[in-house]
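**Student:** fold the following and give me the result.
(chains A and B)
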There are 2 protein chains.
Amino acid sequence: MDERSGLALVGRSLPAAGDDAAVVDDLLVTTDMLHETTDFPEGTTRYTAGWRAVAASLSDVAAMGASARCAVAVYAAPRFDGDELGAFLDGAQAVCASVDAEYVGGDLDDHEEFTVATTAIGRTDDPVRRSGATPGEAVCVTGTLGRTAAAIRLFPDDPDRANDLFQFPPRVPAGRALAPHASAMMDSSDGLARSLHQLSEASDCGFAVDSATLPVDEAVEAVAEDEADRRELATHYGEDFELVFTTDAPAAAQAASPTPVTQVGEVTESSITMNGEPLPDRGYTH
Amino acid sequence: MDERSGLALVGRSLPAAGDDAAVVDDLLVTTDMLHETTDFPEGTTRYTAGWRAVAASLSDVAAMGASARCAVAVYAAPRFDGDELGAFLDGAQAVCASVDAEYVGGDLDDHEEFTVATTAIGRTDDPVRRSGATPGEAVCVTGTLGRTAAAIRLFPDDPDRANDLFQFPPRVPAGRALAPHASAMMDSSDGLARSLHQLSEASDCGFAVDSATLPVDEAVEAVAEDEADRRELATHYGEDFELVFTTDAPAAAQAASPTPVTQVGEVTESSITMNGEPLPDRGYTH
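**Tutor:** Predicted coordinates:
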């Protein structure tokens, strides 16, 4: 059983699962695990690791249009170095402060591989789910695509720049501003293509996307080998943590959001296409 | 830096840390990581792992006298077997249901070693902290001590019995019932001895414990080699997840608690002793 089949099993067992975060009363709860071999390339600072691990969970809160209240993390490593742990905590606290949330600690654990498990808690009375997209609506994304893909390529030669790109801003303010306008929303952590497939499944709809409209990150322009590579990094690579949402009022959404919003296509009855060609369900598998 | 020094650093950085759970508004948030080599002996079923991992976090909620609202977990393994994952979810759901909480899912992650990160959320307007013990009060424990120590010894020959012992009941109902009576409280996850040292540090007090009063689990009686071993398993081994608390009204506490409560000694001005001898700060280090 692969990870996606496993998640489907979890979804069948647990009615509260299946969105970016679980809804419990007016709370949202979401948890993630990141580890060295798959999530923190060589050159990733512990500050960046703290920022990014906590930000990944805050992004799930953002994806449901909620405010972020707090986060915790388990820091597991083969040894505890005071400077490394301190830097991790600084990064975790900084990203929480950036979205008016509080980092309230967690636990330490001995572990062979550097591993971080984070949980974020949000509050909302009206979460935006993955279901709700309707044919004829616009499909939009916040910010830019391909930021993480570019960072991965930059780590060997320009770790400072790569670390900056890895410290992405969780789109909590945008998520809150977009919530009244969005019919369906999730984050792009698996890549735009896979996000569209997931929204399609939850909303029983299709999407028609135009590649010319994609807000490709300028860092991708600098590292992409050619146009096909550029599109691959922006569409399939994932780990970008932008918001992907549908709306019948794209202009109002753009006006409300503190982060730039780009319409990249339309909701259709069925099938997911880019420039009229099928867009494969391929991307990052967590 | 060892794990305890690391936790001290976390505590200095984060005012909300230092108790069994972080307090955020009326919420309690606590997170833990367990993994195969240190927490799940050979023979531990996935059902037991799901129960126990989630129960460890629910125990932290209990230790602050709160109700338990929900829990999430990340299930990380080298491969996802449908039966194993299903059994894990069944165990996680069952332990939540046993304390009127909801298991609301989580995430899956590829990981070389079977690893579980759990987070529980509780609610209370008046959390019981580790500080607050006053000389002259009684120090009490719920349930029995040494249950996990006995299970560890039983795993090779009687895995069924060991699994049963490993599925400990989180003391959420007792914690709620004891909250109005307890001046300080925590769980015994590091063992009774270490719990007393931690309460002593937070409350600036000492303890005088009488070994004859310890409610040693009957499973310990069956596996202990001699009296010294028996006391070691009950006092230092840890991972028992009973509540250790102080109160000026032990009779009222006993009457209120749905779980048996045993007074094991008294709060003193300073120093921690058992039968008049210093009780070393030795136990399970997570």
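**Student:** for the rest of this, base every contact and every neighbour count on C-alpha atoms.
**Tutor:** Noted.
**Student:** what number of residues lie near residue A:96?
**Tutor:** 24 (other Cα atoms under 10 Å in any protein chain shown).
**Student:** can you pull the contacts of it?
**Tutor:** With contact set as Cα atoms under 8 Å, 6 or more residues apart in numbering or on different chains, residue A:96 has these partners: A:54, A:55, A:70, A:71, A:102, A:103.
**Student:** I'd assumed the second one was in a strand, is it?
**Tutor:** Looking back up the chat, that one is residue A:55. No - assigned with DSSP: H, G, I helix; E, B strand; the rest coil, residue A:55 falls outside any strand and is helix.
**Student:** for it, give me the pLDDT.
**Tutor:** Residue A:55 carries a pLDDT value of 98.
**Student:** that one contacts residue A:93, correct?
**Tutor:** No - contact criterion Cα atoms under 8 Å: residue A:55 and residue A:93 do not qualify, at 10.3 Å.
**Student:** between those two, which is the more surrounded one?
**Tutor:** Set residue A:55 next to residue A:93 and count neighbours by other Cα under 10 Å: residue A:55 wins out with 31 against 25.
**Student:** give the contact list for the nearest residue to that one once chain neighbours are set aside.
**Tutor:** Leaving aside its chain neighbours, residue A:55 sits nearest to residue A:170 (5.6 Å; criterion: Cα to Cα, 6 or more residues apart in numbering or on different chains). The contact partners of residue A:170, by Cα under 8 Å, 6+ apart, come to A:55, A:56, A:58, A:59, A:62, A:95, A:99, A:241, A:242.
**Student:** turn those into JSON lines, columns for secondary structure and distance to residue A:152.
**Tutor:** Below are these laid out as JSON lines (DSSP: H, G, I helix; E, B strand; the rest coil; distance: Cα to Cα, whole Å):
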{"residue": "A:55", "secondary structure": "helix", "distance to residue A:152": "17"}
{"residue": "A:56", "secondary structure": "helix", "distance to residue A:152": "17"}
{"residue": "A:58", "secondary structure": "helix", "distance to residue A:152": "21"}
{"residue": "A:59", "secondary structure": "helix", "distance to residue A:152": "20"}
{"residue": "A:62", "secondary structure": "helix", "distance to residue A:152": "24"}
{"residue": "A:95", "secondary structure": "helix", "distance to residue A:152": "21"}
{"residue": "A:99", "secondary structure": "coil", "distance to residue A:152": "25"}
{"residue": "A:241", "secondary structure": "coil", "distance to residue A:152": "15"}
{"residue": "A:242", "secondary structure": "coil", "distance to residue A:152": "17"}
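**Student:** and of those residues, the nearest to chain B?
**Tutor:** Closest to chain B out of these is residue A:56 (12.4 Å), distances taken as Cα to the nearest Cα.
**Student:** near the closest one, how many other residues are there?
**Tutor:** With other Cα under 10 Å as criterion, residue A:56 counts 27.
**Student:** I'd say it and residue A:32 touch.
**Tutor:** Yes - when contacts are counted by Cα under 8 Å, residue A:56 is listed as touching residue A:32 (7.4 Å).
**Student:** where do the strands of chain A begin and end?
**Tutor:** With DSSP state E as the criterion, chain A has strands at A:22-24, A:27-35, A:67-77, A:102-110, A:115-123, A:138-142, A:182-187, A:206-209, A:243-247, A:261-268, A:272-274, A:277-278.
**Student:** what's the distance between the closest residue to residue A:274 other than its chain neighbours and chain B?
**Tutor:** In space, and not counting its chain neighbours, residue A:274 is closest to residue A:209: 4.6 Å by Cα to Cα, 6+ apart. To chain B, residue A:209 is 29 Å away according to Cα to the nearest Cα, to the nearest Å.
**Student:** which residues does residue A:209 bridge with?
**Tutor:** Residue A:209 has these beta-bridge partners by DSSP bridges: residue A:265, residue A:274.
**Student:** would you check that it makes contact with residue A:265?
**Tutor:** Yes - if you go by Cα under 8 Å, residue A:209 and residue A:265 touch, sitting 4.2 Å apart.
**Student:** more crowded one of those two?
**Tutor:** Between residue A:209 and residue A:265, counted using other Cα under 10 Å, residue A:209 has the larger neighbour count: 26 against 23.
**Student:** now for that one: which residues touch it?
**Tutor:** Taking Cα under 8 Å, 6+ apart, one finds A:264, A:265, A:266, A:272, A:273, A:274, A:275, A:276 in contact with residue A:209.
**Student:** between these, which is closest to residue B:81?
**Tutor:** residue A:272 (30.7 Å; Cα to Cα).
**Student:** how close does that closest one sit to chain B?
**Tutor:** Distance from residue A:272 to chain B, by Cα to the nearest Cα: 26 Å.
**Student:** not counting residues beside it along the chain, what's closest to that residue?
**Tutor:** In space, residue A:272 is closest to residue A:207, 4.6 Å off (Cα to Cα, 6+ apart).
**Student:** touching, the one you found and residue A:267? I think so.
**Tutor:** Yes - judged on Cα under 8 Å, residue A:207 makes contact with residue A:267 at a distance of 4.6 Å.
**Student:** and for the two, which residues touch both?
**Tutor:** residue A:139.
**Student:** comparing those two, which residue is more hemmed in?
**Tutor:** Shown here are residue A:207 and residue A:267; by other Cα under 10 Å, residue A:207 has more neighbours (28 against 24).
**Student:** endpoint to endpoint, stretch A:152-164 covers what distance?
**Tutor:** 12 Å (Cα to Cα, to the nearest Å).
**Student:** residues touching that stretch, excluding its own?
**Tutor:** A:41, A:42, A:43, A:44, A:45, A:48, A:150, A:151, A:223.
**Student:** measure the fourth one to chain B for me?
**Tutor:** What it means is residue A:44. Separation of residue A:44 from chain B (Cα to the nearest Cα): 19 Å.
**Student:** circling back to that earlier point, with pLDDT, distance to residue A:19 and neighbour count as added columns, please give the contacts of stretch A:152-164 in CSV.
**Tutor:** CSV is the format used below for these (pLDDT from 0 to 100; distance: Cα to Cα, whole Å; neighbours: other Cα atoms under 10 Å in any protein chain shown):
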residue, pLDDT, distance to residue A:19, neighbour count
A:41, 96, 28, 18
A:42, 96, 31, 12
A:43, 97, 32, 15
A:44, 97, 29, 19
A:45, 97, 30, 19
A:48, 98, 26, 25
A:150, 96, 27, 26
A:151, 97, 27, 23
A:223, 95, 33, 16
